[in-house]
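# task: produce atomic coordinates for the following.
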Amino acid sequence: MNFEAVKQFIKEAGLPNFRLTQVREAVYKRGITSWEEASSLPEDLRKQLDQKFPILSFKVSKILYSQQDRTAKALLTLQDGLQIETVLLKPQDTWSVCVSSQVGCALHCSFCSTGKMGFKRDLTQEEIADQVLMWFQYVRKEKLGERISNVVFMGMGEPLLNYVSVVEAVRNLSNPDYLNIGVRHISVSTSGIADKLHKLAVDLPQVNLAISLHNADNAERSKLMPVNRKFDLDDLKKALEEYIAMTGRQVFLEYSVIENINSRPEHIRKLADWIYSIKDNYLLHVNLIACNLGRGEKTEDRVVKEFAAGLKAMGIAVTIRKSMGNDILAACGQLAAQKR
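The predicted structure follows:
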């Protein structure tokens, strides 16, 4: 919702300030899905708000539910008819939302379904933040909890190629007057847009940064991720060193294990060598996940565990992340905004 526009409308209408407080309470605390539910507001004001300010900037076209875990995926139709997907998941005891930042993606990573869509357009900050607001409405309505605790920019698109809207959305989501999600509970994942890391360190120094790495060999990474041809591992290393020096924050290296592609012992050695070449590398942590190869198919857990054991033997901090929502194509790399 464009709360700033609502604020301006209430001011220009000469309404008392407590009306704004009532709006904020209804939308961001109670999770109303229609203005009719804002019972504290007079009927004529509810009608005006309904006509001028939709609570969500899109229509929820479909929600799919995983039979394997507590994951749900929503297909959203934007006002121009384009579609995106967003995911609600509960990896531990709190609810997390995986948001999209673009319609499609221009980077064409070989293992990612979103890249096969091509790039359509950037999302506005409102369209990004509203994905979290929508899931907040959902968990309140279904009595699943009181709040959304974490947000990860790991959905459709490359967040750092929609930089301004992503930064504005993070500030919106973390605003105490809105959903009040702590910045340290918001993660931004990038395929390695090295020239944006300095700016991110300045604008959002407390956000969690994740780098989608997936290979530590330049030639092989370029095949998996064409973005490496523009920002190779040396560029990424320099940008990471500067980012860490500026923020002092831990950085996560995301590595989707693809059997026989990036899972062999030489890949473990090259990854460890690349990490050790980076200054203050104790702040780097590898997150491994089994690559999703198709509907219900993924790299065997055995392969991921062997890769993790190899890294640990070389002194690298590593965690195996659980793949969630695979049966509804809601897991990492599977979002493609297709009606199913």
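# in terms of residue numbering, what are the domains of this protein?
The chain is divided into the following domains under automatic domain parsing: 3-52, 58-328.
# show me what contacts L49?
6, 9, 23, 35, 38, 41 (Cβ atoms under 8 Å, 6 or more residues apart in numbering). Every residue, glycine included, has its C-beta placed from N, CA and C.
# element containing it?
helix 43-52 (DSSP states H and E).
# was I right about D203 contacting E168?
No. Applying Cβ atoms under 8 Å, one finds D203 not in contact with E168, separated by 10.0 Å.
# neighbours of D195, just the number please.
11 (other Cβ atoms under 10 Å).
# run through the residues that contact it.
Here D195 is in contact with 231, 239 (Cβ under 8 Å, 6+ apart).
# now A5
Counted by Cβ under 8 Å, 6+ apart, A5 has contacts F53.
# for N218, see how far away the residue positioned nearest the centre of the chain is.
The centroid of the chain falls nearest to F153 when counting by Cα atoms, centre = their mean (1.6 Å). Here the criterion is Cβ to Cβ, to the nearest Å. By it, F153 lies 26 Å from N218.
# max-length helix in the protein?
With secondary structure taken from DSSP state H, the chain has its longest helix at helix 125-141.
# now do it: which elements does it pack against?
If you count contacts as 3 or more Cβ pairs under 8 Å, 6 or more residues apart in numbering; DSSP states H and E, helix 125-141 packs onto helix 17-28, strand 58-65, strand 72-78, strand 83-89, strand 96-98, helix 163-174.
# tell me what the first one is packed against?
Counting contacts by 3+ Cβ pairs under 8 Å, 6+ apart, helix 17-28 is packed against helix 3-12, helix 125-141.
# buried residues, it. List them.
Neighbour counts over helix 17-28 (16 or more other Cβ atoms under 10 Å) mark 19-20, 22-23, 26-28 as buried.
# not counting the helix or strand where A219 lies itself, show me its contacts.
Assigned by DSSP H and E, A219 falls within helix 218-224. Helix 218-224 is contacted by residues 109-111, 213-215, 228-229, 232-234, 261-262 when judged by Cβ under 8 Å, 6+ apart.
# helix or strand right after that helix?
In N-to-C order, the element after helix 218-224 by DSSP H and E is helix 233-247.
# just the angle for the helix or strand just after that next one relative to helix 233-247, thanks.
Per DSSP H and E, helix 233-247 leads on to strand 251-257 as the next helix or strand towards the C-terminus. Angle of strand 251-257 versus helix 233-247, following axes from the mean of the first three to the mean of the last three Cα atoms, to 10 degrees, is 150 degrees.
# export the longest helix of the chain as PDB, just CAs?
C-alpha atoms of helix 125-141 as PDB (Å, rounded to 0.1, in the frame of the first residue of the first chain):
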ATOM      1  CA  GLN A 125       9.000  -0.500  -4.100                       C
ATOM      2  CA  GLU A 126       5.200  -0.800  -3.300                       C
ATOM      3  CA  GLU A 127       4.900  -4.000  -5.300                       C
ATOM      4  CA  ILE A 128       7.900  -5.400  -3.500                       C
ATOM      5  CA  ALA A 129       6.800  -4.400   0.000                       C
ATOM      6  CA  ASP A 130       3.100  -5.500  -0.700                       C
ATOM      7  CA  GLN A 131       4.300  -9.100  -1.100                       C
ATOM      8  CA  VAL A 132       5.200  -9.100   2.600                       C
ATOM      9  CA  LEU A 133       2.000  -7.200   3.500                       C
ATOM     10  CA  MET A 134      -0.100  -9.800   1.700                       C
ATOM     11  CA  TRP A 135       1.500 -12.700   3.600                       C
ATOM     12  CA  PHE A 136       1.100 -10.800   6.800                       C
ATOM     13  CA  GLN A 137      -2.700 -10.600   6.000                       C
ATOM     14  CA  TYR A 138      -2.600 -14.300   5.300                       C
ATOM     15  CA  VAL A 139      -1.000 -15.400   8.600                       C
ATOM     16  CA  ARG A 140      -3.300 -13.200  10.600                       C
ATOM     17  CA  LYS A 141      -6.400 -14.400   8.800                       C
END
